[in-house]
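1. Dropping a prediction and its sequence here:
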Amino acid sequence: MFGKIIKGITALAAFIRFVSFDLITPIALGTLFALATSSATAQPLEKKKITIAVGGKNLFYYLPLTIAERQGYFKDEGLEVEIPDFAGGAKALQALVGGSADLVSGAYEHTINMQAKKQHIKAVVLQANFSSIALVMTKEKAAKYKSAKDLKGLKIGVTAPGSSTNMFVNNLLAKEGLKPSDVSIVGTGAGAGAVAAMEKGEIDAMANLDPVTSQLEASGKYIAVADSRTERGMKDLYGGDYLASCIYASDEFIKKNPHTTQAVVNAMVRALRWLAKATPEQVMAVLPEAYISANRSLYKQALLKNMIGYSTDGQMTMKAALNVYKVLKQFEPSVMAAGDSIKLDATFDNRFVLKADAKYK
């Protein structure tokens, strides 16, 4: 390593010989030295081509991932990233477990569920503090809705069985003493198919995210009867601090590929920093046209609703993780069976985020 630094300094000296020293200010000289030494101290990526699975890439829940991709932040880190899109978070998790994905952009809840099943995965950067899921019903049914007790016996659509939207429903049921089996869960995906399922009356209610939820609300036919897109909704439904959308990977991948993991987190933190300062118009200008072409005005309104829910630095806290655990142990069989053996400090790792935050202040 020392030899590489010497080579870098030698190259710097050679450059200076061709430039009048009077033209080089101390600041410029410092910058040149940093450039000469940075390449020498940069760690090579263990794996440049990686796959990040996601369940519903168009959803606002995963917006930071799309920003990192569209802004070229992954490429800046030397990564070639493929992002296969699945019908829901549970499907993306299956891709990781099956070995066809290196990382997942998904719900933090899965890290706890999988630990309870003796399969260890870790969240390495947080995308959102809000789950941003809403339960939507027709106006007629919403008028009769008093609490989750009224869901008993109904068909409820979710992005995919076992996904965060499914867990959202289970949490509502648990608060009223009901079990997951008291309703019928139907996978509807996170796009046009979900909207169609509601409009055709194939389901009685649906737990989904924006832009799907806002599209239904804008029609005037549907109302959200439980909503975690607001601070009040998050407090009522989850008790406050929460870990929602994140990037997670297996312990094995993180240990074998620490520099690659750091590169992914660097790109995501840059996306979060950019998103925190961006206007809705700037965000929309970056996104694929297919995401917003149907109704730009509606998309902007939905975006404004969700901006509050994104993390600004990617860091995760034990307090928020504990709230997730409290929710899951109400209804997840594996978590309930694991009892106090769950080690929350093994479900997330802030080391990579702290380095990225220091780099991209």
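-> Alright, I've got the coordinates. Residues are numbered from 1 along each chain as shown.
2. Grab the nearest non-local neighbour of Pro258.
-> Excluding the flanking residues, the one nearest Pro258 by CB to CB, 6 or more residues apart in numbering is Glu46, at 7.5 Å. The C-beta positions use only the backbone N, C-alpha and C, and glycine is treated the same way.
3. quick one: contacts for the closest residue in space to Asp76 that isn't next to it in sequence?
-> Of all residues not flanking Asp76 in the chain, Ala267 sits nearest, at 7.1 Å (CB to CB, 6+ apart). Neighbouring residues of Ala267 by CB atoms under 8 Å, 6 or more residues apart in numbering: 68, 73-74, 76-77, 79.
4. and with 6 Å instead?
-> 68, 73-74, 77 (CB atoms under 6 Å, 6 or more residues apart in numbering).
5. ditto for Lys152
-> Taking CB under 6 Å, 6+ apart, we find Lys152 in contact with Asp182.
6. how close does it sit to Leu172?
-> Separation of Lys152 from Leu172 (CB to CB, to the nearest Å) stands at 11 Å.
7. Trp274 too?
-> Remark: distance between Trp274 and Leu172 (CB to CB) = 34 Å.
8. before we move on, what about Thr66?
-> Distance of Thr66 to Leu172, computed by CB to CB: 28 Å.
9. quick check, the residue nearest to Asp76 in a helix?
-> Yes. Assessed by DSSP: H, G, I helix; E, B strand; the rest coil, Ala267 belongs to a helix.
10. Quick one: low-confidence residue ranges for this protein.
-> 1-42 (pLDDT under 70).
11. Contacts only, for the residue sitting nearest the centre point of it.
-> Centroid-nearest residue in the chain, with CA atoms, centre = their mean: Ser245, separated by 3.1 Å. Neighbouring residues of Ser245 by CB under 6 Å, 6+ apart: 61, 127-128.
12. Repeat that for Gly193.
-> Per CB under 6 Å, 6+ apart, neighbours of Gly193: none.
13. Quick check: which element contains it?
-> helix 192-199 (DSSP states H and E).
14. which parts of that helix are buried?
-> 194-195, 197-198 (16 or more other CB atoms under 10 Å).
15. what's the closest of those residues to Leu298?
-> Nearest to Leu298 out of the buried residues of helix 192-199 is Val195 (CB to CB; 12.4 Å).
16. contacting residues for the closest one?
-> The contact partners of Val195, by CB under 6 Å, 6+ apart, come to Gln215.
17. ok, then the element right after the helix holding Gly193?
-> strand 205-209.
18. List the contacts of that following strand.
-> Strand 205-209 is contacted from outside by 59, 61, 132-133, 135-137, 154, 156-158, 165, 168-169, 194, 198, using CB under 6 Å, 6+ apart.
19. And for the closest residue to Ile133 other than its chain neighbours, the neighbour number?
-> With CB to CB, 6+ apart as the criterion, Ile133 has its nearest non-adjacent residue at 4.4 Å, and that residue is Phe168. A count of nearby residues for Phe168, using other CB atoms under 10 Å, gives 27.
20. any idea how far stretch 60-73 is from the chain center?
-> Centre-to-centre, stretch 60-73 and its host chain are 10 Å apart (CA atoms, centre = their mean, to the nearest Å).
21. Between the two ends of it, how far is it?
-> 19 Å (CA to CA, to the nearest Å).
22. In that stretch, which residues are buried?
-> For stretch 60-73, a neighbour-count test (16+ other CB under 10 Å) marks 60-69, 71, 73 as buried.
23. Same question for stretch 260-279.
-> Neighbour counts over stretch 260-279 (16+ other CB under 10 Å) mark 260-275, 278 as buried.
24. so how far is it off the chain centroid?
-> 12 Å.
25. Also stretch 309-324?
-> Distance, centroid of stretch 309-324 to centroid of chain: 11 Å (CA atoms, centre = their mean).
26. end-to-end on it?
-> Across stretch 309-324, the terminal residues are separated by 16 Å (CA to CA).
27. Give me the contact list for it.
-> Contacts for stretch 309-324 (CB under 6 Å, 6+ apart): 109, 125-126, 128-130, 132, 238-239, 241-243, 269, 272, 275-276, 344, 348, 350, 353, 357.
28. go with 7 Å
-> By CB atoms under 7 Å, 6 or more residues apart in numbering, the surrounding residues in contact with stretch 309-324 are 64, 108-109, 112, 123, 125-130, 132, 229, 238-243, 265, 268-269, 272, 275-276, 344-345, 347-348, 350, 353, 356-357.
29. Pull out the buried residues from the residues you listed.
-> For the contacts of stretch 309-324, buried by 16+ other CB under 10 Å: 64, 108-109, 112, 123, 125-130, 132, 229, 238, 241-243, 265, 268-269, 272, 275, 344, 347-348, 350, 353, 356-357.
30. Can you tell me which of these end up in helices?
-> Counting by DSSP state H, those place 64, 109, 112, 238, 265, 268-269, 272, 275, 353, 356-357 in helices.
31. With distance to Leu287 added, can I get those in JSON lines?
-> Conversion of those to JSON lines gives the following (distance: CB to CB, whole Å):
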{"residue": "Pro64", "distance to Leu287": "12"}
{"residue": "Glu109", "distance to Leu287": "26"}
{"residue": "Ile112", "distance to Leu287": "31"}
{"residue": "Tyr238", "distance to Leu287": "28"}
{"residue": "Val265", "distance to Leu287": "22"}
{"residue": "Met268", "distance to Leu287": "17"}
{"residue": "Val269", "distance to Leu287": "19"}
{"residue": "Leu272", "distance to Leu287": "16"}
{"residue": "Leu275", "distance to Leu287": "11"}
{"residue": "Val353", "distance to Leu287": "24"}
{"residue": "Ala356", "distance to Leu287": "23"}
{"residue": "Asp357", "distance to Leu287": "25"}
